[in-house]
Structures are given as structure tokens and as C-alpha cells.
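In: show me the folded form of this:
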Amino acid sequence: MGRVAKLRLFERSRSLEFDQSPPEAVEEAAERAGSGDRHPPGVLPPPRPRDVTDQDVCGCVGTVTVRIAGGEVPGEVQVFVRGTWELFIAYALEPTELGAQVRVDASRGHRAVDVTWTGHGNPSGAR
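Out: Next up is the predicted model:
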């Protein structure tokens, strides 16, 4: 590409205007265009909400690998899910010691879970 062609391309790119309209205006423009889910050129669709919770891990049984202090102080559990062992940040209402067996009750998203002691293993470190 020659120097003149590059200069013309640069000038043309500087003259483009991108629509910064709010989502309502984007939806109205899409309806007028009759395009259904598509958006007019140069306009990004509004972001879609994402579900970050991991429902596959709920109900699985795992082992505490880092002591869970209880409340909002997390520990860590190793859970067999999706055919492999995975580590999760774990929260529990009661303190739970290393080696205790726990059940995952809920996912908080971003690899964090709520767990309860299953009655097996060592929940409080007593021997």
C-alpha cells in the first residue's frame, strides 16, 4: 500500500463517527431497521448479564485442604467435579478443620462455595 493510499485510509478512519447512544436508542433503531436481535452498524449491543455461579459443584462432596475458620473467613476445599479434582474457596458457618469431609451447598461464583460438614472426617480438630 502506497503512502498516498495510507494517508487516504487514515483520513477516512478519522472522519467516521461512532454512535454513543444509550441502550434504549439502540433498541429503537434496531426495531426501526426490522433486524430483530441485530444492532445498527457501529453500535455495540448492551452487555448481557452473566451467571457466574457454578451449579455443577453444588451437592458434591469434598475435603478441606485449608482450615475454614467459619463465618466470613474462608478456607479451601478440594472437590471432585467434572471428572477431575478442583480447588474452591470455601465458606462455612462453623469452623472446619483440615481433612474434614464437607458437602457443597451453594456456589457464590468466582470459584467460591458455601459448605457444611457431612459428619465424616475431623470437623474441629479433636482426636
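In: residues making contact with stretch 75-86?
Out: Stretch 75-86 has contacts (C-beta atoms under 8 Å, 6 or more residues apart in numbering) with 56-57, 60-69, 87-92, 96, 102, 104, 113, 115. Just so you know, the C-beta spots here come from the backbone N, C-alpha and C atoms, and that holds for glycine as well.
In: at 7 Å what do you get?
Out: 56-57, 60, 62-69, 87-90, 96, 102, 104, 115 (C-beta atoms under 7 Å, 6 or more residues apart in numbering).
In: show only the entries of these found in helices.
Out: Assigned to helices by DSSP state H, none of the contacts of stretch 75-86 qualify.
In: can you give me the neighbour number for the closest residue in space to F88 that isn't next to it in sequence?
Out: Among residues not flanking F88 along the chain, V113 sits closest, at 4.8 Å (C-beta to C-beta, 6 or more residues apart in numbering). By the criterion of other C-beta atoms under 10 Å, V113 has 26 neighbours.
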